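>>> pasting the structure only:
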């Protein structure tokens with residue numbers, strides 16, 4: 001199940017909520033019970049970069065490591 005990070009504007013606490021993607025934009029109360037929260041963007045959504053090397057070559061023996 002996806003995890004979404006929120007920040008409470010009242011107490012400045014950051015917390016994580018696990019919920020289905022269909023409920024991703026639903027509001028969430030902070031653990032202290034405050035309802036003035038904002039959903040944060042994840043690092044993946046903001047950066048969109050990967051530390052994995054780019055694939056090289058192609059096909060079976062093109063240097064992709066399958067042989």
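All right, it came through fine. Remember, predicted model here, so these are calculated numbers, not experimental data.
>>> The nearest residue to residue 29 once chain neighbours are set aside: neighbour count?
The shortest distance from residue 29 to any non-neighbouring residue, by C-beta to C-beta, 6 or more residues apart in numbering, is to residue 35 (5.1 Å). Where you see a C-beta, it was placed from the backbone N, CA and C, and this is true even at glycine. Residue 35 sits with 11 neighbouring residues when counted by other C-beta atoms under 10 Å.
>>> Then the one 5 residues further on?
Using other C-beta under 10 Å as the criterion, residue 40 is surrounded by 14 other residues.
>>> separation between it and residue 32?
17 Å (C-beta to C-beta, to the nearest Å).
>>> residue boundaries of the strands in this structure?
3-8, 14-18, 37-39 (DSSP state E).
>>> and of the ones you listed, who's closest to residue 27?
Nearest of those to residue 27, taken as C-beta to C-beta: strand 37-39 at 6.7 Å.
>>> Which among the strands of the chain is found nearest to residue 25?
Among those, the nearest to residue 25 by C-beta to C-beta is strand 37-39 (7.4 Å).
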